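Colleague: need a 3D model of the sequence below.
(2 chains)
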Amino acid sequence: MQLKMRRGELDSAFERKLHGRYHEMAPNVVPMDYTKDPDVKLPMQLIINMPELKENPFKERIVESFSEDGEGSLSFNDFVDMFSVLSEMAPRELKAIYAFKIYDFNTDNFICKADLEKTLNKLTREELTAEEITLVCEKVIEEADMDGDGKLGFADFENMISKAPDFLSTFHIRI
Amino acid sequence: MGKRKKCKLRDIMEDVGIEIDGQVESDSESEEDEVKDKRSKKQTRREIVRANRLERKKSQKNKEENESKEEENCPQQSRASRRKNHRMKRNDGKKGGGERDKKASSKDEKESENKEKKTNMKGKEEENKQKKGRKNSASSNSSNSSDEESLSEEELAMLMEEVEQKKKLISTMRNKPWRMMKKLSVLREAQAFVEKFEGALGKGKGKKLYAYKMMMAKKWVKFKRDFDNFKTQCIPWEMKIKEVESHFGSSVASYFIFLRWMYGVNLVLFGLIFGLVIIPEVLMGMPYGSMPRKTVPRAEQATAMDFSVLWDFEGYIKYSALFYGYYNNQRTIGWLKYRLPMAYFMVGISVFGYSLMVVIRSMARNANESTADGDDDNFVFSWKMFTSWDYLIGNPETADNKFASITTSFKESIVDEQESNKDENIHLRRFLRVLANVLIICCLCGSGYLIYFVVKRSQTFSKMQNAGWYERNEVEIVMSLLGMFCPPLFETIATLENYHPRIGLKWQLGRIFALFLGNLYTFLLALMDDVNEKLAEEDVVKNITRWTLFGHYNSSMENSTATPAPLDPADVPRGPCWETTVGIEIVRLTVSDILVTFVTILVGDFIRACFVRFMNYCWCWDLEAGFPSYAEFDISGNVLGLVFNQGMIWMGSFYAPGLVGINVLRLLTSMYFQCWAVMSSNVPHARVFKASKSNNFYMGLLLLILFLSLLPVAYTIMSLPPSFDCGPFSGKKRMYDVIQETIELDFPLFVAKIFGYVANPGLIIPAILLMVLAIYYLNAVSEAYQRANAELKKKMQLQREEEKNKRNNKASTNSMMQDLEDLLAPSTKSESSPKQAEDKKKDSPNQASPVGKQEKAEVLNSSPIAAGRRAAFIPPPHVLVTRPLTPGTWAPYPQPRQPWPGGRPMGPFPGRGRGQPRYIHPV
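Modeller: Reported below is the predicted structural model:
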C-alpha cells in the first residue's frame, strides 16, 4: 500500500495523516521514522479513544476485527488497513466483509442470534425489552437468512447488505 | 509515512544513492561492455519481449521473483529480509540476474546491509533498472540465443494481456480482504511487473493524465459532499426536527415538517401580498388622513390610540393598510401608474391559485415518492440492525441522539410488526369497530345539533338589548367546551377499535375535523348575518352621506361666495364597510387562537411537567407514573389546529391583507416554542409509531379546508356588492368588474373580444367536459399501473420465496449426500461424541458419528423431495471421489486459497480454508 501511496499524491497524504494520528496516540512508543518497520503495536485502549471511534458502539469489535492477533492491538499496518477499509473509496464488497467480521461477535463466522442480540443492545443502549429484542432478532434472521440454517452466513449477509441503500454512507469513517 | 520520515529517507537515499549511483553507472557500463563483447548492441523491442517471456517463465517458477525489481522507497526490515531470501533463490534459478547481484554486492563490500541500499537505489534509479532489465535480458538472450526472430504477435498480445491483468490487480487491490502485509507484497510485485513491461511496450504515457483524472474525481466527490452538507444546512430547522424525531418518532416529526412546509407557503403568500398590495399602497397611495376612508372618524379619535382599542383591532389599526377598507379606488396610483385595485383583485385570486397548486403538487410528489421505493420492506430489521449506526458520528451529543433515534425507529418497526401479525377475533373486532363508529357519529350529531341550537338562541339574544355576559358569549363557550371534551372522548372510544396507531391517528383526525367543521359553520353563519346587517345599514348611510355632503356644499354656497372649506375627512359620515368588519373578525379570531394555543402549551405541558417533576418529591403518590404524569405530544390536535388556522388565513387574507404577516410570525414562533416545549416537557408516546411515508393525509385535510374557505370568499366576491365608500372596489357593482374595466380601458379591442368569446358558456362547458374526460382517462391509466405494480411486487415476493426454498433444498440435499458419504465410508471417521456433532453439525460433517448424523438428517430433511431423492439415490462409491466442488454457492466469497498472512487463528473464514477441501459447506 505504501507504494501505491507514493504514486497517488492523495493517498500518500492520507497515509501521512494516518501516521500522524498513530504517532500522536503514543508519541514515545511510535517512532517517527518507519523506515525500519519497527514492530510496534498500540493497545486497543488507546485506539478506541480516538475521537473517530469514541462514540461508536462497536469500537471494540472494529479494532479487534482489524488487529492481526485478534486481541485488539493494532500495528501501523493494521491501522492503515482499518481506515482504508472504512474510507470512502473502499468498495462495497470489502466493506461488507469487514462489517460481517465486526458484527460477528463470537468470531464463529456466522452471525447468530447471540451476535444479533449483542448488536441490538449496543445500538439501543439496552433500552428494548427482552421480548422486543427476541422479536427483532427473529425478524432479522427470517429476513436475511436465505439458507434456513437459523443464522446468517456471509453469503446471507452480503446479499442483504448489498441491497441496503445507506450501507456505504454509514459504514464510513472520515479521518 | 510521516513527512519527517520521508525527509529522513530522502537524506539516506541521497547519501547512499549518490554513492550507489556511481557504482551503478560503472556497474552497468561494465556489464554493457560485456554485452558488447558477446553480441551486437542492436537492442530491439523483440528482445525485450523475449526477455519478458523469460521473465514470465521464471515468475511461474518462483512467484515472488519480481520482488527484486520493485521500486520501493522505504524498505522495511521484514521486506528486506524476505528480499534477501528471494534474491538467494534467484541466484540459484537465474544466472544473469544472480551474476549482477553478486557483482553489486561484491562491489560495495563495505556495506554490511547492502540490500537495503540496493533497494533504495532502485527506488530512485528506475531508468537504470530498466536498462539493467534490458541488459539482463540481453545477457540471458545471448546465453540461449536460438530463436532470435521467432517472436510472434501472439506473444506480444499475451504480454499485453498479462500487463493488463496486473494492472487490474493493482486497481482492485483495495477490494481484496487481505492483510496489509500481503497487500503490500503482492502490490509491489505487480507494480514492478507493470512498470517494467509497460514502458517496454510503449504504453503508460497516460499515467499522468490518469492520476490527474483520479485526483479530479476525488476532488469532485469531496465537493459534492460539501455541497450536500451545505444544502442540508440550508434547510431551516432540519437539525431541530431531526432531534425531535430521534426522541419522539417520525409521527411527531411529521407535524413539525408539516409546520415547516406551511411556513414556506405562508412566506410566499406574504411576499405576494406585501410586495404587490401593501407596499405599493403605502409608498404610492394617498397618505393617511387624506380621505375619509383613511381617517379615524371624529367620534373615535379620542380613544383611537388606547391599547384596549388597538387590541380589538379598532382605532388606528382599523384604518390602516392592514385592512381592506383603507385602500382607495383610484385606478392608478403613483408615478408608476400602478393599477392597485386590479392588483388587489389579482393577488386575492392568486393567493388561492398558488395555494391550490402548491398543495396539489406536493400531494402528487408525496404520492410519487411513496410508490417509488417499492420493495424495501424485505430487510427492514436487518438494515436497521446493520446499517443504521452512522460510523461518522464523533460527537457525544449526536451519538446520544442517534441512539435515541435508532431505539425509536426499532420501536416503530416493532409496533408495525406486532400489528401485522396480531391474531385476533375478527368478528369481535368488527363489531367493536362498528360500535365505536356509531358512538362517534352520535357524538358528532349531538354536538352538531347543540351548535345549531345555540346559534339559533344567540340570534334571538342578539336582538335583546340587555343580554348578559353569558348570553352574549354562549356560542363561544359551547364551542370551546366541545373542543375541549370531544377529542379525548373520541380517543377513548377509538381504543375500542384497536387500530394500528397510524391508522388510528387518521381516524381521529377525520373525526375531530368533522367536529371542527361545526365550529367553522357557526363562525361563517355569524359572519354572514353580520354582513347582511351591515349591507342593510349601508343603504341608509349612503343616503345620509350624500345628503350631508350635498348639504355641506349647499350651505357653504349660500352662506358665502367664497369657495367652501372642504369638509374634514374625519367628519364625513361613512358606511359600516362590511369587508373590514369581516377582516377584523378573522384577525381577532386568529390572534386569540394563537394566544390560546400558546397558553395551553405553557400551562398544559410546561407547568404540568414542572409540577410533576418537582412536586413528586413531596407527594403521596407517584406523580410521574400515576395520574397527571407528563403530557404526550398531541399530534392530531396540533395538526388540526394548524389546518384550521390556515383556513382562517385563506378566508381572511382578501379582506385583511395584513393577516398573512401575522400568520408568518405565528408559525415562526410556534416552530421554536413547540420544539422547545416538546423537548422540555413532553414524553414520547407509549407506542411510538412510524408516520406514513407521505403526509398526504394532512395535505388532504388542508386541501379540504382550502376548498371550504374558498367558497365564502368566492361567494362574497361574486355576489355581494362592495361597500360604496371603502376599499379598492368602491363604486363598482361587483368586485370582479375591475377586470372588465381593465380589459376595456387598457387592452386593445380584440383582447376584449377574445375575452368575451372565452367567457362564453358554449366554450366553457365543452372545456369542462373535456377535462372531466381527461381526468377519467388518466385515472383509469393510473389504476392500471397500480395493479401492474402490485402484481410485480407479488411476483418478486414469490421469486424471493422460491429462491429461498431452492437454497433450502440444496442445503438439505447436500447434507443428505454427506450423510450418504458418511455411511459409505465409516472407517475414515474419527470418533466424536454425538453432542459435539450436534454443536458443529454444519461445520464438520465429516467428524460426526454416522448414526447421530443420520438421525439428525432425518429431522432436517423432512421435505418430501429430499426424502424421495434420498431413497432413490444411492451413489456408487466413486461419487465420493469425483464429486465436484460446488463453487456457485460460495461465489462471492474470497476463497482463502492463501490463508491470511500472519496466521491469525480467526481469519474471516479460517475453518473453511483449512477444513475439508472436498466439501464446500452447503449453503
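
Colleague: just the pLDDT for B:Met906.
Modeller: pLDDT for B:Met906: 42.

Colleague: let me redo that: B:Asn645
Modeller: At B:Asn645, pLDDT is 92.

Colleague: ok, B:Asn814 next?
Modeller: The predicted local confidence for B:Asn814 is 60.

Colleague: swap in the one 10 residues further on?
Modeller: The predicted local distance difference test score for B:Leu824 is 61.

Colleague: residue contacts, B:Cys577?
Modeller: For B:Cys577, the contact set (CB atoms under 8 Å, 6 or more residues apart in numbering or on different chains) comprises B:Arg293, B:Tyr324, B:Gly325, B:Lys534, B:Ser723, B:Asp725, B:Cys726, B:Gly727. All C-beta atoms are positioned from the backbone trio N, CA, C, and that covers glycine.

Colleague: how about a cut-off of 10 Å?
Modeller: B:293, B:318, B:323-326, B:534, B:538, B:541, B:583-584, B:655, B:722-727, B:730 (CB atoms under 10 Å, 6 or more residues apart in numbering or on different chains).

Colleague: ramachandran angles for it?
Modeller: phi 50, psi 80 (degrees, to the nearest 10).

Colleague: nearest residue to the residue nearest to the spatial centre of chain A in space, please, no chain neighbours.
Modeller: Within chain A, one residue has its C-alpha closest to the average C-alpha position: by CA atoms, centre = their mean, that is A:Ile62, at 3.4 Å. Spatially, and ignoring its direct neighbours in sequence, A:Ile62 is nearest to A:Ile102 (5.6 Å; CB to CB, 6 or more residues apart in numbering or on different chains).

Colleague: same thing with B:Phe258?
Modeller: Using CB to CB, 6+ apart, the nearest residue to B:Phe258 is B:Tyr698, at 5.1 Å.

Colleague: now do the contacts for that neighbour.
Modeller: B:254-255, B:257-258, B:261-262, B:363, B:366, B:506, B:509, B:635, B:639-640, B:642-643, B:691-692.

Colleague: B:Ala190 and chain A, how far apart?
Modeller: Distance from B:Ala190 to chain A, counting by CB to the nearest CB, to the nearest Å: 10 Å.

Colleague: surely that residue is in contact with B:Glu164?
Modeller: No - shown here, B:Ala190 and B:Glu164 do not form a contact pair, counting by CB atoms under 10 Å, at 11.4 Å.

Colleague: the two: which is more packed in?
Modeller: The residue with more neighbours, out of B:Ala190 and B:Glu164, is B:Ala190; 22 against 13, by other CB atoms under 10 Å in any protein chain shown.

Colleague: give me the contact list for whatever helix or strand B:Gln740 lives in.
Modeller: Using DSSP states H and E, B:Gln740 falls within helix B:737-746. If you take CB under 10 Å, 6+ apart as the criterion, helix B:737-746 is touched by B:329, B:331-332, B:337, B:339-346, B:349, B:722, B:728-729, B:731-732, B:734, B:749, B:751-756, B:759.

Colleague: now the helices for the stretch 501-650 of chain B?
Modeller: B:501-559, B:578-600, B:608-615, B:635-652 (DSSP state H, counting those that start in this stretch).

Colleague: now chain A
Modeller: Here chain A has its helices, by DSSP state H, at A:2-7, A:9-25, A:44-47, A:51-54, A:59-66, A:76-85, A:92-103, A:113-124, A:130-144, A:154-162, A:167-170.

Colleague: can you give me the strands in the stretch 601-750 of chain B?
Modeller: For the stretch 601-750 of chain B, the strands defined by DSSP state E, counting those that start in this stretch occupy B:631-632, B:682-683.

Colleague: B:Tyr245 and B:Val380, how far apart?
Modeller: Quick fix: residue B:245 reads Glu, not Tyr. Distance from B:Glu245 to B:Val380, counting by CB to CB, to the nearest Å: 18 Å.

Colleague: who's more crowded, the two?
Modeller: Ranked by neighbour count (other CB under 10 Å), B:Glu245 and B:Val380 place B:Glu245 first, with 22 against 17.

Colleague: quick one, grab the pLDDT at that one.
Modeller: B:Glu245 is assigned a predicted lDDT (pLDDT) of 86.

Colleague: what strand or helix carries it?
Modeller: Using DSSP H and E, B:Glu245 falls in helix B:238-248.

Colleague: report the inter-axis angle for that helix versus helix B:635-652.
Modeller: 140 degrees (axes from the mean of the first three to the mean of the last three CA atoms, to 10 degrees).

Colleague: in three-state terms, label the residue nearest to B:Tyr319 when sequence neighbours are not counted for me.
Modeller: With sequence-adjacent residues excluded and distances taken as CB to CB, 6+ apart, B:Tyr319 is closest to B:Val296, at 5.3 Å. Following DSSP: H, G, I helix; E, B strand; the rest coil, we place B:Val296 in the coil state.

Colleague: now do the contacts for B:Val296.
Modeller: So B:Val296 contacts B:288-289, B:302-305, B:314-316, B:318-320, B:569-570 (CB under 10 Å, 6+ apart).
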